[in-house]
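[1] Got a sequence here, can you model it:
(chains A and B)
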There are 2 protein chains.
Amino acid sequence: MNSIKIGIAGLGNVGQEVAYQILNGLNVQKDLFHIEIIAVSAKSKNKSRKVNLENIKFFDNPLDMVVVPEIDVIVELIGGDEGVAKELCYKALENNKGVITANKALIAKYGKELAVLAEKNNLFFSFEASVAGGIPILKLIREGLIVNKINKLTGILNGTCNYILYEMEKEKKDFHEILEEAQAKGYAEADPSFDIDGIDAAHKIIILSGLAYGKMPNIKDLSIKGIRNITLTDITNCDQLGFKIKLLGNSQLLKNRDGIDELFCSVEPWLIPKDYGLASVSGVTNAVQVKSNLAGSVMITGPGAGGEPTASAVLADIIDCANKTNLYPFGRTSSEIENNFNTSIYKEKFKFYLRLNVVDKSGVLSDLTSIFKLYNLSIESFIQKANQRDKTADLIIITHEADNNILNQALIEIQDLDGVINEPVCLSIYS
Amino acid sequence: MNSIKIGIAGLGNVGQEVAYQILNGLNVQKDLFHIEIIAVSAKSKNKSRKVNLENIKFFDNPLDMVVVPEIDVIVELIGGDEGVAKELCYKALENNKGVITANKALIAKYGKELAVLAEKNNLFFSFEASVAGGIPILKLIREGLIVNKINKLTGILNGTCNYILYEMEKEKKDFHEILEEAQAKGYAEADPSFDIDGIDAAHKIIILSGLAYGKMPNIKDLSIKGIRNITLTDITNCDQLGFKIKLLGNSQLLKNRDGIDELFCSVEPWLIPKDYGLASVSGVTNAVQVKSNLAGSVMITGPGAGGEPTASAVLADIIDCANKTNLYPFGRTSSEIENNFNTSIYKEKFKFYLRLNVVDKSGVLSDLTSIFKLYNLSIESFIQKANQRDKTADLIIITHEADNNILNQALIEIQDLDGVINEPVCLSIYS
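    Numbering: from 1, shown residues only, chains lettered A, B, ... in the order given. Next comes the predicted model:
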């Protein structure tokens, strides 16, 4: 029988569910492990919760738990990459307590440092719940595909964005209308920028890249684009052309000129052909596709957030800890993890989708095609749609495969053209 | 450093790949484990193989490996539910060697008995490669979702069937033509019945049910239907109606009248709405969807067969063994596994797809609808297509939700009607 004693910091939906499940008796492999909650901590002691914690020691300050001798592991469910959550995780490891956390911002930023500490003191440290909620993606990479060399990760990692894009198409409504509905339903925060500007997905792709390659790029230098400028026009056009628009976190190892693996990592909306598995991932569901040398392409989908799915992941970590799993949290020693480096811009060639909103007058198309010619870009398909209301036109262009950098240079010139109204929308096409 | 020494029995594609990967140095977490191949066994010693095994002891008879003192674990890659594979696994466990196997037929039939032996002697026993090749589905259920109560499993578990159904639609060719092409390409065996009649998928859903519920029904009493009677007409009609046809292994816990969980398990072709994730699983890809109380619906897809993906799963087991993972192979003690019982027929109500080939004369439709009325079955949609060539007609019917048993009774009467030519094709519609 392996027994562990935990302290839970943070009693939101996830913390309550974790406590509830443990106190109601986890019903599997009971003879192999015993989990006991020694202490909990939250902002308010007497708030009404789904689980009765009267008989468990309560701490107003979670940091006080790290000196309780009985506690083996701190379960950090407070959140945030700085402040008390960070201090708690560091202090716990320094005080010989293991750490289990769902904190993606913290792991993306300080995951390596925490791994170094855990390794130094030979402590359990895991963060399954930090990526894609109920989907055991870290275990999949770290253990299920353990002998594989992974070369590409693609993920639908933000449920809020996926929900908004899906609802825009289904309800034929524009971004802001669906965002408001999502906020009313609790699928989007009052300040939604963390989700819809791609920051949340960026944290997750950084953690996944740590697991898959031992490479955790600096978020400040990552190419991150959100979904704010995707319109219903884009979604409708893409649908007609055979694509869905999804916000993807992508990271890939590609050989550079010297034959050395270099990491390319980004978060941005892509066009995905409808018959691809990723295209049918709808609503708040998350998905991660892992391409590796032996297992090929493996994809896992499931609920990316919510109290119960996230608690499922936290509890799986707790049981791994009880079972004395001794694998490294990032699948390699902490000294092998490269972090805080800058990633390069994708050099692979893709087809691109462009939408330009222009004044509906002669000459604009001629100017545009001159720029295309200048940069040696060629057009695969072209649609022009007049907007009677405001006497503008939408020009929808699918290019042939083109170099990202060249296309971006062309876009700068296009944006400055007389008659081009807004910043052009440019999305890569997934292949 | 955890070190294990293995003997590999069977040097087909999978065995060769496992040996190749180990001898070429597994490149992950090297300081945590060391894997050594002590001996191998195959029918022919001197066959040309992708890996040089000259320096490794060769046994003509794999059974001789179980008395080699250095060997910790036998990796059984021979196959078959009886004969030498079975004897090897039993003898290995009796002689204090762990067992890792990819043998689905053996595990479906004798998994519980082998688990009892392993538990008695405190030995490692695992079979990740027995279900869905490179997809780590057993680890997903056993560890990733460990605290969940699973209530439904749905799997595309046979790559050959999925390939045939996919190619029939894509190439607009009938079953036998695509089967011959699949045989030529090596995607189907010379004797394909094991795959296309659903036996292979049945082995896998039995193993998954063991993991998910501790319930392993007897294959002899399982409702198993293959894909032999699916025609291009069915596929084309379903496509028009918004469905794909997939061979699914299904198992589900439902409360019976006494409120006790009862297992329903089957293998049969289903109609799946095109916007469901399972519908976009194409070619030889496998998929398993797991529904559980906390994590909700989690689906994993990937290559279901092939030397490299299957070796990836075998090697993950080998490393779990080296890391001294001590979880029970079926996620619970062997005494908790119920096996060799008969499953009930599904009692849930579904919509059904029916295709009848009838003589194109008056009266047939009237007789048919009388039977529908008699059994209180109602029709949601109806298509009649005349075949000019042979003066028959195909009647395509989608029913409203109906009871499986009642529908089957009606079908017996329908089959006996004057004018009905072949046995009707009846497929459930997944919802």
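
[2] How about stretch A:63-81 and chain B, touching?
    No - in terms of C-beta under 8 Å from any C-beta of the partner chain, no part of stretch A:63-81 sits within range of chain B; the closest distance is 13.6 Å. (Each C-beta comes from the backbone N, C-alpha and C, glycine too.)

[3] how about the CA coordinates for that stretch, as PDB?
    Output in PDB follows, covering the C-alpha atoms of stretch A:63-81 (Å, rounded to 0.1, in the frame of the first residue of the first chain):
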ATOM      1  CA  LEU A  63       2.300  29.100   2.400                       C
ATOM      2  CA  ASP A  64       1.800  27.900   6.000                       C
ATOM      3  CA  MET A  65       1.100  24.400   4.600                       C
ATOM      4  CA  VAL A  66       4.700  23.900   3.400                       C
ATOM      5  CA  VAL A  67       5.900  23.500   6.900                       C
ATOM      6  CA  VAL A  68       3.200  21.000   8.000                       C
ATOM      7  CA  PRO A  69       5.300  17.900   8.600                       C
ATOM      8  CA  GLU A  70       2.600  15.300   7.700                       C
ATOM      9  CA  ILE A  71       2.000  16.800   4.200                       C
ATOM     10  CA  ASP A  72       3.900  15.000   1.400                       C
ATOM     11  CA  VAL A  73       2.500  16.900  -1.600                       C
ATOM     12  CA  ILE A  74       1.100  20.400  -2.200                       C
ATOM     13  CA  VAL A  75      -1.700  20.500  -4.800                       C
ATOM     14  CA  GLU A  76      -1.600  24.000  -6.100                       C
ATOM     15  CA  LEU A  77      -4.900  25.100  -7.700                       C
ATOM     16  CA  ILE A  78      -4.700  28.900  -7.200                       C
ATOM     17  CA  GLY A  79      -3.400  30.000 -10.600                       C
ATOM     18  CA  GLY A  80      -1.300  32.800 -12.000                       C
ATOM     19  CA  ASP A  81       2.400  32.800 -13.000                       C
END
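
[4] give me the element A:Ser370 is part of.
    Counting by DSSP states H and E, the element that carries A:Ser370 is helix A:364-374.

[5] buried ones in that helix?
    A:364-365, A:368, A:371-372 (16 or more other C-beta atoms under 10 Å in any protein chain shown).

[6] number of nearby residues for A:Glu336?
    15 (other C-beta atoms under 10 Å in any protein chain shown).

[7] and if you look at A:Lys255?
    A:Lys255, neighbours per other C-beta under 10 Å, totals 9.

[8] quick one, what contacts it?
    A:Lys255 is in contact with A:261-262, counting by C-beta atoms under 8 Å, 6 or more residues apart in numbering or on different chains.

[9] Identify the bridge partners of it.
    A:Asp261 (DSSP bridges).

[10] Then A:Ile37?
    A:Ile6.

[11] tell me which parts of the stretch 201-350 of chain A are close to chain B?
    A:275-277, A:279-282, A:292-303, A:306, A:308-309, A:311-313, A:315-316, A:319-320, A:323, A:325-328, A:331-333.

[12] A:Gly133 in helix, strand or coil?
    Of the three states, A:Gly133 takes coil under DSSP: H, G, I helix; E, B strand; the rest coil.

[13] surely it meets A:Gly307?
    No - the pair A:Gly133 / A:Gly307 is not scored as a contact, 9.6 Å apart, by C-beta atoms under 8 Å.

[14] In chain A, what helix or strand scores lowest on average pLDDT?
    Taking mean pLDDT, DSSP states H and E as the measure, chain A has strand A:379-387 as its least confident helix or strand, at a mean of 89.

[15] Specify the angle between that one and helix A:364-374 in degrees.
    Inter-element angle recorded for strand A:379-387 and helix A:364-374: 160 degrees (by axes from the mean of the first three to the mean of the last three C-alpha atoms, to 10 degrees).

[16] Direction included, what does strand A:379-387 pair against?
    strand A:392-399 (antiparallel).

[17] A:Ile71 contacts A:Lys5, correct?
    Yes - counting by C-beta under 8 Å, A:Ile71 touches A:Lys5, with 5.7 Å between them.

[18] Who has more neighbours out of these two?
    Of the pair A:Ile71 and A:Lys5, A:Ile71 is the one with more neighbours under other C-beta under 10 Å, namely 24 against 18.

[19] can you pull the contacts of that one?
    A:5-7, A:38-39, A:65, A:97.

[20] Columns pLDDT on top of those residues, output as TSV?
    Below are the contacts of A:Ile71 laid out as TSV (pLDDT from 0 to 100):
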residue	pLDDT
A:Lys5	97
A:Ile6	98
A:Gly7	98
A:Ile38	97
A:Ala39	98
A:Met65	98
A:Lys97	98
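
[21] What is the nearest of these to A:Lys170?
    A:Ile6 (41.8 Å; C-beta to C-beta).

[22] neighbours of that closest one, just the number please.
    By other C-beta under 10 Å, neighbour count at A:Ile6 equals 27.

[23] re earlier: out of the contacts of A:Ile71, which end up buried?
    The buried subset of the contacts of A:Ile71 (16+ other C-beta under 10 Å) comprises A:5-7, A:38-39, A:65, A:97.

[24] For B:Lys109, state which of the buried residues of helix A:364-374 is nearest.
    Using C-beta to C-beta, the buried residues of helix A:364-374 come closest to B:Lys109 at A:Phe372, 64.7 Å.

[25] Enumerate every residue touching that closest one.
    Per C-beta under 8 Å, 6+ apart, neighbours of A:Phe372: A:378-379, A:410.

[26] What's the PyMOL syntax to select whichever of those are buried?
    The buried subset of the contacts of A:Phe372, as determined by 16+ other C-beta under 10 Å, is captured in PyMOL by this line:
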select buried, chain A and resi 410
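
[27] bridging residues for A:Ile74?
    Beta-bridge partners of A:Ile74, as defined by DSSP bridges: A:Gly7, A:Val99.

[28] show me the contacts for it.
    The contact partners of A:Ile74, by C-beta under 8 Å, 6+ apart, come to A:6-7, A:9, A:62, A:65-66, A:88-89, A:92, A:97-100.

[29] so which pair among these is furthest apart in space?
    A:Pro62 and A:Gly98, at 15.1 Å, using C-beta to C-beta across the contacts of A:Ile74.

[30] and these two? which has more neighbours close in?
    A:Pro62 (26 against 23).
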